[in-house]
Structure formats: structure tokens, C-alpha cells
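Novice: This is a predicted model, with the sequence first.
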Amino acid sequence: MEGMVKKYQQKFRRVKDEMNRWDELQSRLLSQFRNASSIIERLQVIRNPQNYGALKFVGGIEDMILRKQMESLETILLSMNKTLEEFHGVVTFLEKSLRDGRQLVKGGSIQATPKQLQQRIGIKPSLADCLDGLRLLHEMHQSEYLLKSSIVSALSGLALKPSRSDLGALQQLLVDQPNIPKEEVQFIFDIVFAEEIC
Amino acid sequence: MEENLASTSSSQPLSPPPSFESTKLKHQNPSTESSISSPLPPSVTRLWRPAAQRNLRNQWSKMASYRQQWKSFSSSARSHATSIVNSYLSQRQFPLKTTSLFPRMYMNAMELGVLSDMPDIRKKACRKLFKQQKLHRSKLLSSYKDMVDVVMHMVKTGRSMRTFLKGSSSPLVQFSSISEDKNDHGDGGGIPVYAFWSIYYFEELAQELVQMFTLELNLKRLLVVELLSISSEEVPVNGVCWLDELYRGEFNDLCICGLYSTEVCEPVRPKIKDWKSDTSSEQSNRQPEHDILQVYLTTWLAEANIDTYRMDEIFAVVGEEMHVNLS
């Protein structure tokens, strides 16, 4: 049993690495979002010919500026979708870890009994703790990925009909990552690595 | 030399590929025909090609590096411009933070809280802003000057694509970038320099690039003039107008870039490529609104006259033709 726990702990270490990657992606996505939303905010201003001041007499300037901004926006949206794909990569990894984790107790050479699953040795986690942890982490990131995807598509929608408050709300949602409560994640890792904390 | 000779003889002039024929080569006609009818002696042509290849490679690498320089000067100019705008708006009302969704506090409507008991706090703050403003203005101007310099270099480079025969009397064949004989067009008789293109096509592409940057420089000059003229009650400045020389020698520089009309003795009006601009000059507004300033900064960023895709394409195809990576 102890060997099994070790295997799980190894898995959790790799999961931790992937979650660090998630954090990197998160800050990348945020800065992409900010860039996109500042362009979207500007769109209405640059659509209004009254706002061109001394540039007014430069023929074609409004069309050109609008076109250029739309191009930049498109580029940013494309790279946001690429970032999303990478988020999805993390989710896939978590899914695989969970599957492998289940395999460990079910399909392996020794099949763990329900009793063994619950068994705790000292402060080491039980196998059930490990499995639950993997399952929870996967669920959290899976839902958060779906949320992010819908935020990104909402953002493209806002490009056509900008609203400052909507942009703000979306950004807040993106920052908050409501599906990944930090304390809960920490709690999972605390249980799995209890011996290392002491 | 021997190596060069060997490489030259191996690449005979080829007919251009089909895709090439669709591109217009209007520049080519007058001088090419005349020079093809009076080609250089084969011995000279053999020597001319490597010299011309070397020259083209140099000129285009310079072009690529000027492009990068432009990018960096333009971006520092933009950050100075943003500072000017923010400083002005903070004296008035709403600062513009292009990346932020939430406006900051501002001077006049600012709740100073306990600070309001301090004597002249507002005045002092404004004096400080004035100093800052002055600094930003001089920085913007110096970045603008850097940009003019870069464009001048580009113009020069665009005109240095040809390779002329030097001192025909000397027994040693030498080449230079300066024409000494008016019958020598510096085009090697219009033969392909590398695989397919004659000097004229390289020139045409360079011209296209240079035009993007000169038009953009001119548009940015208008923005510089406007930004330097921003003035508020708290911090009054002596603005400039379009007809002023922004720094000593600017008009000379603009002349080189083809942006100064010696007929009417004033800078050429800015325009967007393939568009016409009104000639009526607009009286600048010294106290522009928030939105107008936002449009100015956006315009600075947008580089309306620089078609990035086309520019990348030009560098890519030229690099390919010369077997160098220019990006």
C-alpha cells in the first residue's frame, strides 16, 4: 500500500508542475484579454468622425485606423484561442492522470479492497484521498477551461457591440477563476503531502 | 574573385517565373531597353554581378535594420506621447490609461483630503506636472527626430541599389555606387542580379517600402505637432504649428524624404496611401478632448501607412531571391 501512495504522490508532483503551467497561461491570457478589451473599448471612439481633431482632413484615415485596429484585434483573438488550446492540454493531462490513478487501484496487479482504499498509515493519505484529489483537480480545471472558452467567445461578440461594464465583468471573471478555489486546491495537496509539511 | 566568377557563370540569366510576370515592372522600361541594346562587355558583366550582389545584400540588410530601428523609435515616441496626454488629462479630468479599464483620480476634481490644508499644494503639484510635461515634450521631439533620421537612411538606401563601373580608364575593373558615366545605368545591362530579378525590381520593392515609411512619418509629424501644442490653463505651453520647423534642420531632412515642397515652401500635407487629403489646414485645438487624444494615440500605434503584411512579404521575397534571411 505504501508503494501505491508513493506512486500517487509522484503523480501529484507532476500535476503540480502542470498547474504552474496553468498559472503561466493564465497570466498570458489575462494580458491578451486586456489588450483585446482596450482595442474594443477604443472601437467606438475611433468610429466617430468627430473624434479625429486635426486628423480630420487626412482622407481615408478613419477607415484605415478602424481596419488596422480590427486586424490587431483579430490577431489577439487568434492568439487567445491558441492559449485556450494550451489550457486544454493541461486539462487533458489531468484527465490522463486521473485515469491512470484509477487504473492503479483497479486494474493493477493488486486490486485494492474498499477497506484498503480508506486505510491510512500515519499521516500518509489514503488511496481514496489521492483519487478524490485527482478527480477534484480535474473537475475544477475542466470547468474553468470551459468558462474561459466561453469568455473568449463572449469577447469576440463584444467586439461588435462594445460595452464597458461587460468587459469589466468578463475580465473579473477571468481573474477570479471561480472554478478553482485556491484553498481547496491547497487542502488537497496538504493532505497528499502531509508528511512533508511536518 | 575566382569564386565569384565561378558562381556567376553557373547562374545564367533565366526567364522570370510565371508569377513574376503578373507584377508590374513599369520602371523597367525606358532605361532597360536602352541598356540591353548596349550591354556591357561580357567580361565586365561577369565581374559586375558579384559586386552588384554584394551591394544589394548590404543595402537590404541595412533596410531590414532600419525597419527595426523605426519600430523601436516609434514605440518610445508613443510612450512619450502617452505621458504627455496623461499628464495633460490629469491636470484636467480623465487620464487615459490605454491598458486600464478604470480611470484614475485627477487633479482638479481630486479630493485632496488632509493635503488640502497644505499651502499651495495644488499649485506645487501643477508646477511639477509642468516640469514633467516639458521633459516628455522634449523626449517626444527627440524620438521624432530619430524617426526622421531612420527614414532618411531608408531613402538613401533605396537609392543605392545600383552598382556602377568605376574609372573605365583603369585596367583594373572596379565598382562603385556613384555613377561616373551617364551611359552606365548601374544595372548591369538589366540582367538578373541573382536568379530572376534585375536591379529595377529590387529598386521598385525598396521604393514601395520607403513610401510606406515616408507617408507614415508625415502622418506622425502631424501628431507630433498636435501633441506638442497641447496646452492647459494650469500648464500653458507655446505650441507649434504645421508650418514650423520642429527642430533645426528639419526641413532639410524632410526635403530628402520628399516631404517638403520647395515650391510652396512648406511641409507636404500628410495623407493615407491612395487617398487624397483636404488641403484646407485645420486650426489645431489646443485643448483637445479625451476621445480625440485617444484617437491620436491609436493612430500613432496603428501605423496606418505601413502595410505590415506587405512589408513582411517584401522582405521575405527579397531575402529568398538573395538567399539571405532578412527578418
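Specialist: On my side now, so go ahead. Residues are numbered from 1 along each chain as shown, chains lettered A, B, ... in the order given.

Novice: what about the residue nearest the centre of chain B, which helix or strand?
Specialist: What sits nearest the mean C-alpha location of chain B, by CA atoms, centre = their mean, is B:F213, with 3.2 Å. Secondary structure assignment for B:F213, by DSSP states H and E: helix B:199-228.

Novice: at contact distance from chain A, anything in that helix?
Specialist: Yes: using CB under 8 Å from any CB of the partner chain, helix B:199-228 reaches chain A at B:219, B:222-223, B:225-226. Every residue, glycine included, has its C-beta placed from N, CA and C.

Novice: Once you drop chain neighbours, what's closest to B:E289?
Specialist: A:N51 (7.6 Å; CB to CB, 6 or more residues apart in numbering or on different chains).

Novice: how much space between that neighbour and A:L43?
Specialist: Between A:N51 and A:L43 the computed distance is 12 Å (CB to CB, to the nearest Å).

Novice: one step back: list the buried ones in the helix holding B:F213?
Specialist: For helix B:199-228, the neighbour count (16 or more other CB atoms under 10 Å in any protein chain shown) marks B:199-206, B:209-228 as buried.

Novice: returning to that earlier point: could you export the residues of helix B:199-228 next to chain A as a markdown table, including pLDDT?
Specialist: A markdown table is the format used below for these (pLDDT from 0 to 100):
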| residue | pLDDT |
| --- | --- |
| B:L219 | 96 |
| B:L222 | 94 |
| B:L223 | 95 |
| B:V225 | 94 |
| B:E226 | 92 |
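
Novice: Tell me the one of the residues you listed nearest A:I121?
Specialist: B:L223 (71.6 Å; CB to CB).

Novice: got the contact list for the closest one?
Specialist: A:55, B:81, B:296, B:299-300 (CB atoms under 8 Å, 6 or more residues apart in numbering or on different chains).

Novice: next one: B:N55
Specialist: B:160-163, B:175, B:177.

Novice: with these in mind, which one is nearest to A:R135?
Specialist: Nearest to A:R135, judged by CB to CB, of these is B:M161 at 66.8 Å.

Novice: all helices of the chain, in order?
Specialist: I'll assume chain A. Assigned by DSSP state H, chain A shows helices spanning A:2-47, A:61-106, A:114-118, A:127-160, A:164-176, A:182-192, A:194-197.

Novice: that answer is for a different chain, and I need it for chain B
Specialist: Residue ranges of the helices in chain B, as given by DSSP H, are B:2-10, B:18-22, B:29-37, B:42-91, B:121-158, B:199-228, B:250-256, B:290-302, B:308-322.

Novice: Return the distance of the fourth one from the chain's centre.
Specialist: Centroid separation for helix B:42-91 versus its chain: 7 Å, with CA atoms, centre = their mean, to the nearest Å.

Novice: ok, B:Q68 to B:E208 distance?
Specialist: For B:Q68 relative to B:E208 (CB to CB), the value is 18 Å.

Novice: An error on my part: the question was meant for A:L55.
Specialist: The value you get for A:L55 to B:E208, if CB to CB is used, is 24 Å.

Novice: do the same with B:V318
Specialist: Distance from B:V318 to B:E208, by CB to CB: 11 Å.

Novice: Please apply the same query to A:E18.
Specialist: 48 Å.

Novice: same check, this time on B:N58
Specialist: Counting by CB to CB - B:N58 and B:E208 are separated by 19 Å.

Novice: What is the burial count for the nearest residue to A:A128 once chain neighbours are set aside?
Specialist: Distances taken as CB to CB, 6+ apart place A:L117 nearest to A:A128, at 4.5 Å, with adjacent residues excluded. Counted with other CB atoms under 10 Å in any protein chain shown, residues neighbouring A:L117 total 15.
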